[in-house]
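Colleague: Sharing a model prediction with you, sequence too.
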Amino acid sequence: MNKLIPILLLTSLLFAYCNNDRKETVNFFTNYQEGIRIAAEKDQPILLIFAAYASPTGKTLGFLYAPGLKTVLEQYVCILLMTDDRKLAANGQTKGTINAEIQKSYGYNTQPCLLKLTPDLQPIGIPGGYMKSEQELLEFLETRD
């Protein structure tokens, strides 16, 4: 029993440390309309991310929380929409269904899908998808053509 206490304490500290890292990252809007409204108000480009909880390519999403990307991500209004979110929206549809429809309106249906947009929703460069490293994601974010 005495050996279990230090292990639990260490696990708790590590868990708190990991959660603090995420608190130090950029705010991701999960409501499309709110995100585009804020982008228009700030006259700031948008990073629109479509993802799925059940996607095996979640590694790319993990990179979004890397401390080294915070400065670059802060240049965008970041909107993260989960296309398989099962929570119900006010209209009775799942949020995932609504988010998938938004994604289809841009002509894409893969996850992850990263779109860079102007504040008036015009595309910036080509979309991104699965990223193998933080560096690859950084290069995608810094490219503005």
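Modeller: Yep, it's here. In this text the structure is predicted, and so the values were computed from the model without any measurement.

Colleague: For the rest of this, base every contact and every neighbour count on C-alpha atoms.
Modeller: Noted.

Colleague: For residue 88, grab the count of nearby residues.
Modeller: For residue 88, the neighbour count with other C-alpha atoms under 10 Å is 13.

Colleague: beta partners of it?
Modeller: Bridge pairing for residue 88 (DSSP bridges) gives the partners residue 94.

Colleague: would you list every one of the helices in the chain?
Modeller: Along the chain, the segments classed as helices by DSSP state H run 4-23, 32-42, 59-63, 70-73, 95-105, 134-142.

Colleague: Which of those helices comes out lowest on mean pLDDT?
Modeller: Of all the helices of the chain, the minimum mean pLDDT falls on helix 4-23 (a mean of 41).

Colleague: got a list of what the residue nearest to residue 112 when sequence neighbours are not counted touches?
Modeller: Ranked by C-alpha to C-alpha, 6 or more residues apart in numbering and with sequence neighbours excluded, the top spatial neighbour of residue 112 is residue 51, at 4.5 Å. Contact analysis of residue 51 by C-alpha atoms under 8 Å, 6 or more residues apart in numbering lists 58, 61, 80-83, 111-113.

Colleague: can we see that at 10 Å?
Modeller: Residue 51 makes contact with 57-58, 60-61, 80-85, 96, 99-100, 103, 109-114, 129 under the criterion C-alpha atoms under 10 Å, 6 or more residues apart in numbering.
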